[in-house]
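Visitor: sharing a model that was predicted from the sequence below.
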Amino acid sequence: MKSAICYYSFTGNTKIAAEILKDILAEKGIVDLVELRPKKEDKNFFMQGFKSFLKKETELNNIKYDFTEYDFIAVGSPVWAFGPAPAVRTFLKHVTGVNDKQVILFVTSRGAGDHKAMKEMARYLKEKGVKDFKYVSINHNRIKDTKYLKTKIIKVIDERL
Ligand SMILES: Cc1cc2nc3c(=O)[nH]c(=O)nc-3n(C[C@H](O)[C@H](O)[C@H](O)COP(=O)(O)O)c2cc1C
C-alpha cells in the first residue's frame, strides 16, 4: 500500500501528529509525508486567523496535486478560526486522483471548531468523489502525549486497513 500524508503546520503541532501517523502507516507500506508550504506566510496570528475566517486560499510552493499513484491519503491541518488553514484549503481545492480512495482528515486545535473544520475539509473532497472518511481531532495541549496521539490514530487506522 502506498500512502500520502499531506499536512500544513505553522507552530509544529500538526507536524508531530503527521509524523506519528507516518510511523503507524509505515508498517503497512510506503508512506510519503508531504508538507504544504505557502509561498508567502503571515507571521501575524491575527492576520492568519482573519484570512482563514474569510476562507482565503494561499499559493503553495512546489506542490504536486495529482495523487493518483496513492492508495490512501491523509490530510492534516491546524484549526484556524474554526476552519482549516488557507494552505490546506488550497490543497484540497486543487488535489486530483483521490476519488473513491480512503481519506483520513486530522486536525490539531484547542478544541473549538475542530469538527466544523474537518467538515469543511471533507466538503472539498466529497466534490471529487471521496466517500470514505475518518476523522481525528487532536487537542494541542496533549500534542506531546505520544500515547494519546497513537491511540487516537490507531483507532482509525485499524478500522480501515
Ligand atoms: C491564527 C490561529 C487561529 C486559531 N484558531 C483556532 C480556532 O478557531 N480553534 C481552536 O481550537 N484553535 C485555534 N488555534 C489554535 C491551533 O489550532 C492549535 O494551536 C494548533 O495545534 C496549531 O497547529 P500547528 O502547530 O500545526 O500550526 C488557532 C491558532 C492560530 C495561530
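Guide: Great, that's in hand.
Visitor: ok so V98 is a helix residue?
Guide: No - according to DSSP: H, G, I helix; E, B strand; the rest coil, V98 belongs to no helix; its state is coil.
Visitor: any idea how far it is from L54?
Guide: When distance is defined by C-beta to C-beta, to the nearest Å, V98 is 26 Å away from L54. To be clear about C-beta, it is placed using only N, CA and C from the backbone, and glycine gets the same treatment.
Visitor: do the same with K2
Guide: For K2, the distance to L54 (C-beta to C-beta) stands at 36 Å.
Visitor: those two: who's more crowded?
Guide: Between K2 and L54, counted using other C-beta atoms under 10 Å, the more crowded position is K2 (15 against 10).
Visitor: contacts only, for the more buried one.
Guide: 29-32, 69-72 (C-beta atoms under 8 Å, 6 or more residues apart in numbering).
Visitor: could you look up the SS state of the nearest residue to W80 once chain neighbours are set aside?
Guide: Among residues not flanking W80 along the chain, S52 sits closest, at 3.7 Å (C-beta to C-beta, 6 or more residues apart in numbering). Taken by three-state DSSP, the conformation at S52 corresponds to helix.
Visitor: quick one: residues contacting S52.
Guide: Counting by C-beta under 8 Å, 6+ apart, S52 makes contact with 80-81, 83-86.
Visitor: of those, closest to the ligand?
Guide: The shortest approach to the ligand among these belongs to W80, at 3.9 Å (C-beta to the nearest ligand atom).
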